[in-house]
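K.L.:
quick one: sequence and predicted model below, then my questions.
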Amino acid sequence: MFEFHFLNSSSHMVPLWKHYCAEASGLVYVVDSRDRERMEETKSFLYMVMDEGKVPDNMAVLVYANKHEVPGAMSASEISNELDLASLRQRNWQRN
């Protein structure tokens, strides 16, 4: 059985992350692959979730890039570079 919680970047949600992450088996982080202008903000938010959300080192993390079929969307390689995914706590990761 899956249970999903949508946590957005609004400031009143920040204190709740650690409670959800403590009980979660995984984290799905959705990125708009067309939004090049907000990629730095997206990166900062991801790292804040990982750090302040107390995401355990053994938790599975999926970074899902939506809208990838739209012309002008960033490739998986561009997104992983922009988000510096290779540096996330020495996690194993792959790009598809």
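P.N.:
Received, thanks.
K.L.:
tally of neighbours for Val30?
P.N.:
Counted by other C-beta atoms under 10 Å, the residues lying close to Val30 total 13. For glycine as for every other residue, the C-beta is placed from the backbone atoms N, C-alpha and C.
K.L.:
no wait, Val63
P.N.:
Val63 has 19 nearby residues by other C-beta under 10 Å.
K.L.:
quick check, pLDDT for it.
P.N.:
Looking at Val63, its pLDDT is 88.
K.L.:
dihedrals phi and psi, the spatially most central residue of the chain?
P.N.:
In the chain, the residue lying closest to the centroid (C-alpha atoms, centre = their mean) is Tyr29, at 3.2 Å. Phi and psi for Tyr29, reported as degrees, to the nearest 10, are phi -110, psi 120.
K.L.:
cool, and Gly26?
P.N.:
phi -160, psi 170.
K.L.:
doesn't Val63 make contact with it?
P.N.:
No: assessed by C-beta atoms under 8 Å, Gly26 is found out of contact with Val63, at 11.6 Å.
K.L.:
what is the least confident helix or strand in this protein?
P.N.:
For the chain, scoring each helix and strand by mean pLDDT, DSSP states H and E identifies helix 17-23 as the least confident one, at a mean of 71.
K.L.:
so what touches the lengthiest helix in the chain?
P.N.:
The residue-count maximum for a helix in the chain (DSSP state H) belongs to helix 39-52. Where contact means C-beta atoms under 8 Å, 6 or more residues apart in numbering, the residues beyond helix 39-52 that reach it are 7, 9, 14, 17-18, 21, 27, 29, 31-32, 35, 55, 61, 63, 74, 79, 82-84, 88-89.
K.L.:
quick check: what element follows that helix along the chain?
P.N.:
strand 60-66 (DSSP states H and E).
K.L.:
how about that next one: buried residues?
P.N.:
Residues of strand 60-66 classed as buried by neighbour count (16 or more other C-beta atoms under 10 Å): 61, 63, 65.
K.L.:
okay, the nearest residue to the last one once chain neighbours are set aside: pLDDT?
P.N.:
So the one you mean is Ala65. Nearest residue to Ala65, sequence neighbours excluded (C-beta to C-beta, 6 or more residues apart in numbering): Ser33, at 4.1 Å. For Ser33, the pLDDT comes out at 93.
K.L.:
having no further points to raise, I will conclude here.
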